[in-house]
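S.K.: Predicted model follows, preceded by the sequence.
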Amino acid sequence: MSAHYRTALCVAAAALILSAAMGIRQTFGLFVGPFSYDRGIPVTLIAFAIAIHNLVWGFAQPFAGAAADRYGCARVVAFGAVAVAGGLALAALAPSGAMLVVGLGLLVGVGISCTSFGVVLTAVGRAASAEKRSMAMGIASAGGSLGQVLMIPLSQSIRLTWGISASLLALAVLMLAAAPFGVALERRGANHATAAEAPAVPLRRTLALAFQHRGYRLITIGFFACGFQLAFIATYLPGYLYLCHMPSGLGATALMLIGLFNMAGSWACGWLGGRFRQQHVLGWLYLIRGVTIGAFFLLPKTSSSVVVFAAVMGLTWLGTVPLTSGFVAKVFGTRHLGTLFGVCFLSHQAGSFLGAWLGGFVFDTTGSYSLLWGATAAAGLLAALLHFPIDDTSAGTPALLDATARA
């Protein structure tokens, strides 16, 4: 089997797994209202369950990445798929908010950490050559957006016809169906970068080097802003549009459009990351996103403005992931990429926790999402300022490695 074919197979498998995992979690915003109205669970508690899922995902990600680095992706993906399916089933049958927190929060959070970027994209990063890595990650991320496009209307349709439980159980079955594709991520005969990396630096020294690297620290802080923005919008955009007296179903349409345009945006970001400095592309992405959020909040709401907002947000939605993981691979190599990206992603998920939880808390307290819309816009502008001065000098030079070893 040729190296090109192995890489293509890995990218296709990664896209399918990401489609299931990311498509499923993107539907959670559709269940906030129904869980509240149909089961009498407070919005704050639903928001807390979604926020816990984001936080658990973040804390589990470095460990899932390290497990994939050591034991391979197939077993990690399979474990994650079972955890996600179990969490969704528990949420489907949950008679109380406590069970919802355990299912949708704890189990889904752990499962997503094993079936998303920190495990799946790092396999792509190893399979692709250095010059093709950013593009390969972008293509896998773009393919993963297909799940968001398909699962939001599917989940909405099943919920409206058969109820919340049937919709969540259907998503659980789809997650289990994606588990076998993890085997294709094990085909690493074309592992260009890892084979060429010398000397082999132990994980402990690599982590110490990463924490000393100013660029790694800044890109990690910027990733916090990304998680904050995306979690708030994905969770509360449908409810916000309802409060603005927009047409019924427009929230689900907006989330679907975000997924559709994210396919093009992720591919474009992967392409740009292979031709320009990744931190500069990230800076422009955060700047565009922050300005778009601010304009959407301040300007009058119409169906057309919602469509434009969803399209621009989709173009900048998950393009941060191949760019950020590509930056980490460029500076530190791919040998410990799963662990290093997992640590970086923990910051993203801490932001996601705040975005998801604060949205519900602020709404229950003030009856409005206005404070959070302003905060998400400001977070994008701050992240842009952090990314433009980042230094992407490789940490793999002998001098730096020797200095780390002596330390």
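M.R.: Arrived safely, thanks for sending.
S.K.: and residue 246, backbone torsions?
M.R.: The phi/psi pair for residue 246 (degrees, to the nearest 10) reads phi -80, psi 160.
S.K.: from what I can see it touches residue 306, true?
M.R.: Yes. In this structure, residue 246 is within contact of residue 306 by CB atoms under 8 Å, at 6.6 Å. Every C-beta, even on glycine, is put in place using the N, C-alpha and C of the backbone.
S.K.: Name the helix or strand for residue 131, please.
M.R.: Under the criterion DSSP states H and E, no helix or strand holds residue 131.
S.K.: Just give me the neighbour total for it.
M.R.: By other CB atoms under 10 Å, 9 other residues sit near residue 131.
S.K.: That one touches residue 326, doesn't it?
M.R.: No. If you go by CB under 8 Å, residue 131 and residue 326 don't touch, sitting 11.3 Å apart.
S.K.: shared neighbours of the two, anything?
M.R.: residue 274 (CB atoms under 8 Å, 6 or more residues apart in numbering).
S.K.: what pLDDT does residue 377 get?
M.R.: Note for residue 377: predicted pLDDT of 95.
S.K.: can you count the residues close to it?
M.R.: Should you count by other CB under 10 Å, residue 377 turns out to have 21 residues around it.
S.K.: Kindly provide the distance from it to residue 289.
M.R.: 9 Å (CB to CB, to the nearest Å).
S.K.: cool, and residue 146?
M.R.: For residue 146, the distance to residue 289 - CB to CB - is 22 Å.
S.K.: got it, and residue 204?
M.R.: 36 Å.
S.K.: Which one of these two is surrounded by more residues?
M.R.: More crowded of residue 204 and residue 289, by other CB under 10 Å: residue 289, with 29 against 10.
S.K.: element containing the more buried one?
M.R.: helix 278-298.
S.K.: so how far is the helix or strand just after that helix off the chain centroid?
M.R.: Using DSSP H and E, the helix or strand that directly follows helix 278-298 along the chain is helix 303-315. Centroid separation for helix 303-315 versus its chain: 19 Å, with CA atoms, centre = their mean, to the nearest Å.
S.K.: and helix 303-315, which residues are buried?
M.R.: Of all the residues in helix 303-315, those buried under the rule 16 or more other CB atoms under 10 Å are 306, 308, 309, 310, 311, 312, 313, 314, 315.
S.K.: Now the two most distant members of those residues.
M.R.: Greatest spatial distance among the buried residues of helix 303-315 (CB to CB): 306 and 315, at 15.2 Å.
S.K.: from the buried residues of helix 303-315, which single one is nearest residue 84?
M.R.: Using CB to CB, the buried residues of helix 303-315 come closest to residue 84 at residue 314, 23.5 Å.
S.K.: State the pLDDT value of that closest one.
M.R.: The model's pLDDT for residue 314 equals 90.
S.K.: roughly how far apart are it and residue 144?
M.R.: For residue 314, the distance to residue 144 - CB to CB - is 13 Å.
S.K.: Ok, residue 357 next?
M.R.: Distance from residue 357 to residue 144, by CB to CB: 25 Å.
S.K.: Tell me which of those two has more neighbours.
M.R.: residue 144 (29 against 22).
S.K.: Quick check: which element contains that one?
M.R.: helix 133-162.
S.K.: what's the average pLDDT for that helix?
M.R.: 80.
S.K.: buried sites along the next helix-or-strand element following that helix?
M.R.: Using DSSP H and E, the helix or strand that follows helix 133-162 in sequence is helix 164-178. Within helix 164-178, the residues scored as buried using 16+ other CB under 10 Å are 164, 167, 168, 169, 170, 171, 172, 174, 175, 176, 178.
S.K.: Give me the neighbour count for the residue nearest to the first one when sequence neighbours are not counted.
M.R.: In this case it means residue 164. Nearest residue to residue 164 in three dimensions, chain neighbours excluded: residue 34, at 5.3 Å (CB to CB, 6 or more residues apart in numbering). Neighbourhood size, residue 34 [other CB under 10 Å]: 16.
S.K.: So which elements touch the host helix or strand of residue 34?
M.R.: Element membership of residue 34 [criterion: DSSP H and E] is helix 32-39. For helix 32-39, the packing partners by 3 or more CB pairs under 8 Å, 6 or more residues apart in numbering; DSSP states H and E come out as helix 43-71, helix 164-178, helix 214-243.
S.K.: Need the three-state assignment for residue 359.
M.R.: helix (DSSP: H, G, I helix; E, B strand; the rest coil).
S.K.: should've said residue 94
M.R.: Applying three-state DSSP: residue 94 is coil.
S.K.: for it, what are its contacts?
M.R.: 39, 100, 103.
S.K.: what is the rounded mean pLDDT of the particular helix or strand that has the second one in it?
M.R.: Remark: residue 100 resides in helix 97-100, with elements defined by DSSP H and E. For helix 97-100, the per-residue pLDDT values average out at 82.
S.K.: In CSV, list the C-alpha atoms belonging to that helix.
M.R.: Extracted as CSV, the C-alpha positions of helix 97-100 are listed here (Å, rounded to 0.1, in the frame of the first residue of the first chain):
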residue,chain,number,x,y,z
GLY,A,97,-30.9,16.8,36.4
ALA,A,98,-28.3,14.7,38.3
MET,A,99,-28.5,11.9,35.7
LEU,A,100,-28.3,14.4,32.9
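S.K.: From the contact counts, what lies against it?
M.R.: helix 43-71, helix 73-92.
S.K.: and the ones you listed, which one's lowest on average pLDDT?
M.R.: Among these, helix 43-71 carries the lowest mean pLDDT (a mean of 83).
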